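In: only the shape, not the letters, is given here:
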């Protein structure tokens, strides 16, 4: 079993929940087909600093070009490379930067969840660069840490 962080907008997360499906565009088709499997688990990150759910992948990858309401840049978008999901837990676990610099010196000014997870190595204002893609592999430990905060 692998663990993932799935990244989406708040609006698209509502579509995922309504249809019990996660979708991605062509850029992730190989990853979805080769690495994502039934039984894998993921945390869902919604833009704006919040992990909002833990899910289990309950199907193998498939293609479906049926529009279901997703958008990209406020325009309808298909995300045809899909897997079915089941929500394991919902909540809200906020994450934000915790470290600033004073010259070359690091100042740990705002401890939070970001300090407890390894896959986001940059703890500064540019931390969200790790969440600019639709799917990121994460460790079992990071998965459990985030789920415990939901």
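Out: That came through, no problem. These numbers come from a predicted model, not from an experiment. Residues are numbered from 1 along each chain as shown.
In: report the buried residues of the lengthiest strand in the chain.
Out: Longest strand in the chain by number of residues, with DSSP state E as the criterion: strand 81-94. Judged by neighbour count using 16 or more other Cβ atoms under 10 Å, the buried positions of strand 81-94 are 81, 82, 83, 84, 85, 93. From N, CA and C alone the C-beta is placed, and that goes for glycine too.
In: if we only consider these, which is nearest to residue 50?
Out: Distances from residue 50 to those, taken as Cβ to Cβ, are shortest for residue 93 (6.7 Å).
In: wait, the closest one touches residue 54, no?
Out: No - the criterion here is Cβ atoms under 8 Å, and residue 93 misses it with residue 54 at 9.9 Å.
In: quick check: neighbours shared by these two?
Out: Common neighbours of residue 93 and residue 54, using Cβ atoms under 8 Å, 6 or more residues apart in numbering, are 146, 150.
In: sheet partners, orientation included, of the helix or strand that the longest strand of the chain is followed by?
Out: Remark: after strand 81-94, the chain's next helix or strand is strand 99-102, criterion DSSP states H and E. According to DSSP bridges, strand 99-102 forms sheet pairs with strand 105-108 (antiparallel).
In: list the contacts of the strand it pairs with.
Out: Strand 105-108 is touched from outside by 98, 99, 100, 101, 115, 123, with contacts defined as Cβ under 8 Å, 6+ apart.
In: any of these buried? List them.
Out: 98, 99, 123.
In: what's the separation between the residue lying farthest from the centre of the chain and residue 109?
Out: The centre of the chain is farthest from one residue, residue 103, which by Cα atoms, centre = their mean lies 32.6 Å away. Plainly put, residue 103 is 15 Å away from residue 109 if you go by Cβ to Cβ, to the nearest Å.
In: chain center to the helix-or-strand element of the chain with minimal mean pLDDT: distance?
Out: For the chain, using mean pLDDT, DSSP states H and E, the weakest element among its helices and strands is strand 105-108, scoring a mean of 84. Offset of strand 105-108 from its chain centre (Cα atoms, centre = their mean, to the nearest Å): 28 Å.
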